[in-house]
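**Q** let me see the structure of the following:
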Amino acid sequence: MSELLGAAKAHFSALVDGELESLEVKEWPINGEPAKIFFRRYLTVEQKGELVALYNDNKPYEMMVMAIIYASRKENGDLWFNKMDKFQLMRQVDPTVIEDIFGRMELFSVDEEEIAKK
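**A** Numbering: from 1, shown residues only. Presented below is the predicted three-dimensional model:
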């Protein structure tokens, strides 16, 4: 491995091993309290590429759901969702809550006017 690649990997590792941020989802209470989703604003290049491809394929809601699947974690860092949950998140969850969570995570910016057009 080259010295530069090693430095790049160390940089990304420090980002993804950093402190988790959190947000509350009052619409999804657990034990009477708003659900708490922990997350980091960092995705892999592969994950971001998949999200961009979904967006470019006029699938902005599928893109938002996949971003939430990739980023949402429990307080201990374990993932809340896996790819198998996509079907239920796409068909059995309020889209306005998905929009809200995606927006608050700020994983990357998407022009809302562009989403409306698609």
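
**Q** from here on, just use CA atoms for contacts and neighbour counts.
**A** Noted.

**Q** state which helix of this protein is the longest.
**A** If you go by DSSP state H, the chain has its longest helix at helix 3-16.

**Q** gap between that helix and the chain center?
**A** With CA atoms, centre = their mean, to the nearest Å as the basis, helix 3-16 stands 21 Å off its chain's centre.

**Q** also stretch 39-49?
**A** 8 Å.

**Q** and stretch 50-69, by the same measure?
**A** The answer for stretch 50-69 is 10 Å, by CA atoms, centre = their mean.

**Q** and it, what's its mean pLDDT?
**A** Averaged across stretch 50-69, pLDDT comes to 95.

**Q** how far does that stretch stretch from start to finish?
**A** For stretch 50-69, the first-to-last residue distance is 12 Å (CA to CA, to the nearest Å).

**Q** other residues contacting that stretch?
**A** 79-83, 85-86, 89-90, 95, 98-99, 101-102, 107, 115, 118 (CA atoms under 8 Å, 6 or more residues apart in numbering).

**Q** buried subset of these as a PyMOL selection?
**A** Of the contacts of stretch 50-69, the buried ones go into a single PyMOL selection, burial set by 16 or more other CA atoms under 10 Å:
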select buried, resi 79+80+81+86+89+90+98+101+102+107
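
**Q** out of the contacts of stretch 50-69, which sit inside helices?
**A** 86, 89, 90, 95, 98, 99, 101, 102, 115.

**Q** Throw these into JSON lines and include distance to residue 14 and pLDDT, thanks.
**A** Below are the ones in helices among the contacts of stretch 50-69 laid out as JSON lines (distance: CA to CA, whole Å; pLDDT from 0 to 100):
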{"residue": "86", "distance to residue 14": "29", "pLDDT": "98"}
{"residue": "89", "distance to residue 14": "30", "pLDDT": "98"}
{"residue": "90", "distance to residue 14": "32", "pLDDT": "98"}
{"residue": "95", "distance to residue 14": "33", "pLDDT": "97"}
{"residue": "98", "distance to residue 14": "28", "pLDDT": "97"}
{"residue": "99", "distance to residue 14": "28", "pLDDT": "96"}
{"residue": "101", "distance to residue 14": "24", "pLDDT": "97"}
{"residue": "102", "distance to residue 14": "23", "pLDDT": "95"}
{"residue": "115", "distance to residue 14": "33", "pLDDT": "50"}
